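Asks: Sequence plus the predicted model coming up.
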Protein chains: 2
Amino acid sequence: MAAINNLKPTESELEILQILWEKGNCTVRDVHEILEKNKDAGYTTTLKLMQIMLEKGLVARDASSKTHIYRALVNQEKTQQHLVDKMIDNVFNGSAARMVMQALGNHTASKEEIDSIKKYLDGLSNQ
Amino acid sequence: MAAINNLKPTESELEILQILWEKGNCTVRDVHEILEKNKDAGYTTTLKLMQIMLEKGLVARDASSKTHIYRALVNQEKTQQHLVDKMIDNVFNGSAARMVMQALGNHTASKEEIDSIKKYLDGLSNQ
DNA sequence: ATTTGATTACGAAACAATTCGTAGATAAAG
DNA sequence: CTTTATCTACGAATTGTTTCGTAATCAAAT
């Protein structure tokens, strides 16, 4: 499976990756119980998704005991970067600034967040 | 077609919407010639996509002459906002700040862009 | 009038993503 | 040992997206 594809997980795959990125090692049941909070799907659906992700190389698993243990194989930051770049291109005509302003405009960001972004930008422009 | 769905166009639909947002009124051929620069697909593919977008209510058209003239029906900013919010949620665990930093980190933004964002942030925090 | 070229309409194939039912394996409990 | 619960494997149905071929329509050019 080509490495480039691994940076573009589907929506369902992303939900699972988020969990794996945060938790580290998980069984299918671990993942499924977290997923269930926000959506309803059967256990075997989650299982199947994770099996497909294994085929795609998005995750790896330890199958030495009966209950397999999964972990993310793709890098969180790289994946995020790729998706954000794609959105800038695809939705904002290549303008990162426009996306940022759109993101920060609508009460999505708290004062604290905005302050930390300012600090971050100061660091950037001093380079 | 429910209004909520109109905010989540597919990737191909977004490519077309971008063109319509920028150009205003377009024929299928107008759109197709611009699309062709970046991807190759047949003319009838573009036509079909735009017909489907019509059904979904993403675009409207003037069919009074033989060559129909299309325009976007969905609002650019609302659509962008929806997609960006979704990405913040889906990819960055709800943190707008994390997404912004990721977006601005990797040479995606020029100095000018960063400056204009700073000004924008100053405006925000003075409210 | 006829031909030529561009257009729309439409069906269907190809592909991908999601969902779930069922069967078989394994381990734990009785 | 048998039952019960949990797990994996797998096939298949469903749904959505993208692609394109073909036919019908229309207008302009010859």
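Replies: Nice, thanks for sending it over.
Asks: List, one by one, the residues from chain A near DNA strand D.
Replies: For chain A, the contact set with DNA strand D under C-beta under 7 Å from any atom of the strand comprises A:T27, A:V28, A:R29, A:Y43, A:T44, A:L47, A:K48, A:Q51, A:A63, A:K66, A:T67, A:H68. The C-beta positions use only the backbone N, C-alpha and C, and glycine is treated the same way.
Asks: Buried members of those residues into ChimeraX, please.
Replies: Here is the ChimeraX selection string for the buried members of the residues of chain A next to DNA strand D, based on 16 or more other C-beta atoms under 10 Å in any protein chain shown:
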select /A:28,51,68
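Asks: Export the residues of chain A next to DNA strand D to JSON lines and append columns for pLDDT, distance to B:Q76 and secondary structure.
Replies: Shown next, in JSON lines, are the residues of chain A next to DNA strand D (pLDDT from 0 to 100; distance: C-beta to C-beta, whole Å; DSSP: H, G, I helix; E, B strand; the rest coil):
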{"residue": "A:T27", "pLDDT": "98", "distance to B:Q76": "44", "secondary structure": "coil"}
{"residue": "A:V28", "pLDDT": "98", "distance to B:Q76": "41", "secondary structure": "helix"}
{"residue": "A:R29", "pLDDT": "97", "distance to B:Q76": "43", "secondary structure": "helix"}
{"residue": "A:Y43", "pLDDT": "97", "distance to B:Q76": "41", "secondary structure": "helix"}
{"residue": "A:T44", "pLDDT": "97", "distance to B:Q76": "41", "secondary structure": "helix"}
{"residue": "A:L47", "pLDDT": "98", "distance to B:Q76": "40", "secondary structure": "helix"}
{"residue": "A:K48", "pLDDT": "98", "distance to B:Q76": "37", "secondary structure": "helix"}
{"residue": "A:Q51", "pLDDT": "98", "distance to B:Q76": "39", "secondary structure": "helix"}
{"residue": "A:A63", "pLDDT": "95", "distance to B:Q76": "48", "secondary structure": "coil"}
{"residue": "A:K66", "pLDDT": "94", "distance to B:Q76": "52", "secondary structure": "coil"}
{"residue": "A:T67", "pLDDT": "96", "distance to B:Q76": "48", "secondary structure": "coil"}
{"residue": "A:H68", "pLDDT": "98", "distance to B:Q76": "45", "secondary structure": "coil"}
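Asks: Among the residues of chain A next to DNA strand D, name the ones that also lie close to DNA strand C.
Replies: Within the residues of chain A next to DNA strand D, those near DNA strand C by C-beta under 7 Å from any atom of the strand are A:T44, A:K48, A:K66.
Asks: Could you pull up phi and psi at the last one?
Replies: Right, the one you point to is A:K66. phi -60, psi -50 (degrees, to the nearest 10).
Asks: between the least confident helix or strand in chain A by mean pLDDT and helix B:111-125, how many degrees?
Replies: Of all helical and strand segments in chain A, the minimum by mean pLDDT, DSSP states H and E falls on helix A:111-125, at a mean of 82. Between helix A:111-125 and helix B:111-125, the angle comes out at 160 degrees (axes from the mean of the first three to the mean of the last three C-alpha atoms, to 10 degrees).
Asks: Check what contacts helix A:111-125 and list those residues.
Replies: With contact meaning C-beta atoms under 8 Å, 6 or more residues apart in numbering or on different chains, helix A:111-125 is reached by A:104, A:109, B:95-97, B:100-101, B:104-105, B:111, B:114-115, B:117-118, B:121, B:124-125.
Asks: Buried among the residues you listed? Need that as a selection in PyMOL.
Replies: Buried residues within the contacts of helix A:111-125, by 16+ other C-beta under 10 Å, are selected in PyMOL with:
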select buried, (chain A and resi 104+109) or (chain B and resi 95+96+97+100+101+104+114+117+118+121+124)
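Asks: can you narrow the contacts of helix A:111-125 to ones near DNA strand C?
Replies: Within the contacts of helix A:111-125, nothing lies near DNA strand C by C-beta under 7 Å from any atom of the strand.
Asks: Which single one of the ones next to DNA strand C among the residues of chain A next to DNA strand D is nearest to chain B?
Replies: Chain B lies nearest to A:K48 out of these, by C-beta to the nearest C-beta, at 20.4 Å.
Asks: Fine by me, we can end here.
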